[in-house]
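Novice: pasting a predicted model and its sequence here:
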Amino acid sequence: MTDRPSRGLLLRLAGPLQSWGTHSKYTRRDTARFPTRSGIVGMLAAALGRARQASVDDLTELSMTVRVDRPGVVLSDFHTVGGGRPADETVITVDGKHRPEGKGTLVSKRQYLADAAFTLALTSDDQALLHTCAAALRDPHWPLFLGRRSCPPEGPILLGYAEDPLRHLVQLPLAARKPRSGPQPIDFYGDRPLGALPVSSDAPDRGDGDHHSGEVTDEPVSFAPLARQYRPRPLYRRAVHLPDAAYKGFGTHHLKTLQTYIDTHFETAERSAR
């Protein structure tokens, strides 16, 4: 396994709805089952106040590992665009013209993840970049959302800055109830091999995580509105059995446990200012 950066940010992504598109085009908007690199890099760029045409090369150097606390449920919805508008205000076609007045309404099918929760580790050897991103997430230039503007987070996204972030990614309280049907593995997704995740469990894991399970086209090259570009990257997956004590349920009990962990282990805004 390649060496991993020893420092990073821990993020929490939870809300009523999330949507992380990987093949979204025109009137069909899908969602992946986990946050995408393009979605997270875009969130950081928004927090930093970068224009869509600005370079994100520094942000794409961050490595991302996702823990799926709750996978959520995929919901399908549809939106109409351009209905009831006069001929000169209907939807513009690919050749720059307006659709005919009687055919101006488009139906867009969209997917969302409902009631999902994820914990992320963003790691890098560039401490200055990590601290800059942390400050922006605490006080973002533009509002942050979970993949789409219609999906706001339920609370602060940044948990904190920490040494050995992958250890914390494994140990942070899970936003889920203990499965009634017995031990169930928790999925981890990464852009680097996951075989050396610092886990300890008597139950066997599903796969070693050192071999990529496929590719996903979510590595952003440019967010420019008329020249968006993404490239494929390998996707690594590992399913890990975590101890029963990691499950902290929902609501105030989980949030109190999470806050205690943050106060004990992470660098907060007040500490970093000293």
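Specialist: That came through fine. On a predicted model such as this, the values are computed, not experimentally measured, just so you know. Residues are numbered from 1 along each chain as shown.
Novice: tell me the pLDDT at the closest residue to residue 210 other than its chain neighbours?
Specialist: Leaving aside its sequence neighbours, residue 210 sits nearest to residue 195 (CB to CB, 6 or more residues apart in numbering; 3.7 Å). Using the backbone N, CA and C atoms, a C-beta is placed for each residue, glycine as well. With respect to pLDDT, residue 195 scores 85.
Novice: now do residue 22
Specialist: 79.
Novice: pretty sure it is touching residue 35, no?
Specialist: No: in this structure residue 22 lies outside contact range of residue 35 using CB atoms under 8 Å: 10.9 Å.
Novice: quick one, grab the pLDDT at residue 34.
Specialist: Looking at residue 34, its pLDDT reads 94.
Novice: now the strands for the stretch 101-250 of the chain?
Specialist: All strands of the stretch 101-250 of the chain, identified by DSSP state E, counting those that start in this stretch, fall at 106-114, 117-124, 158-163, 186-190, 214-222, 229-240.
Novice: redo these as JSON lines? Include mean neighbour count, mean pLDDT and distance to residue 177.
Specialist: Formatted as JSON lines, the strands of the stretch 101-250 of the chain follow (neighbours: other CB atoms under 10 Å; pLDDT from 0 to 100; distance: least, CB to CB, whole Å):
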{"stretch": "strand 106-114", "mean neighbour count": "17", "mean pLDDT": "82", "distance to residue 177": "17"}
{"stretch": "strand 117-124", "mean neighbour count": "24", "mean pLDDT": "96", "distance to residue 177": "12"}
{"stretch": "strand 158-163", "mean neighbour count": "20", "mean pLDDT": "94", "distance to residue 177": "21"}
{"stretch": "strand 186-190", "mean neighbour count": "23", "mean pLDDT": "94", "distance to residue 177": "13"}
{"stretch": "strand 214-222", "mean neighbour count": "16", "mean pLDDT": "89", "distance to residue 177": "29"}
{"stretch": "strand 229-240", "mean neighbour count": "16", "mean pLDDT": "92", "distance to residue 177": "18"}
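Novice: compare these and give me the one nearest residue 172.
Specialist: Checking those against residue 172 by CB to CB gives strand 117-124 as the closest, at 5.6 Å.
Novice: quick check: angle from the closest one to strand 158-163?
Specialist: Taking axes from the mean of the first three to the mean of the last three CA atoms, to 10 degrees, one finds strand 117-124 and strand 158-163 inclined to each other by 40 degrees.
Novice: can you tell me the element residue 80 falls in?
Specialist: strand 73-81 (DSSP states H and E).
Novice: sheet partners, orientation included, of that strand?
Specialist: strand 106-114 (antiparallel) (DSSP bridges).
Novice: which helix in this protein has the most residues?
Specialist: Among the segments of the chain that qualify as a helix by DSSP state H, the longest is helix 251-265.
Novice: helices or strands up against that one?
Specialist: strand 158-163 (3 or more CB pairs under 8 Å, 6 or more residues apart in numbering; DSSP states H and E).
Novice: repeat that with 10 Å
Specialist: On a contact count with 3 or more CB pairs under 10 Å, 6 or more residues apart in numbering; DSSP states H and E, helix 251-265 meets strand 7-14, strand 158-163, helix 165-171.
Novice: now do the last one, average pLDDT.
Specialist: Looking back up the chat, that one is helix 165-171. Mean per-residue pLDDT for helix 165-171: 94.
Novice: next one: the longest one
Specialist: Average pLDDT, strand 7-14: 96.
Novice: can you list the strands that the helix or strand that it is followed by pairs with?
Specialist: Next along the chain after strand 7-14, taking DSSP H and E as the criterion, comes strand 17-18. Partner strands for strand 17-18, per DSSP bridges, with pairing direction: strand 106-114 (antiparallel).
Novice: returning to that earlier point: my guess is the residue nearest to residue 210 contacts residue 240, does it?
Specialist: No: between residue 195 and residue 240 there is no contact under CB atoms under 10 Å: 11.1 Å.
Novice: show me the contacts for residue 45.
Specialist: Residue 45 makes contact with 51-52, 54-56, 59, 136, 141-142, 220, 223, according to CB atoms under 10 Å, 6 or more residues apart in numbering.
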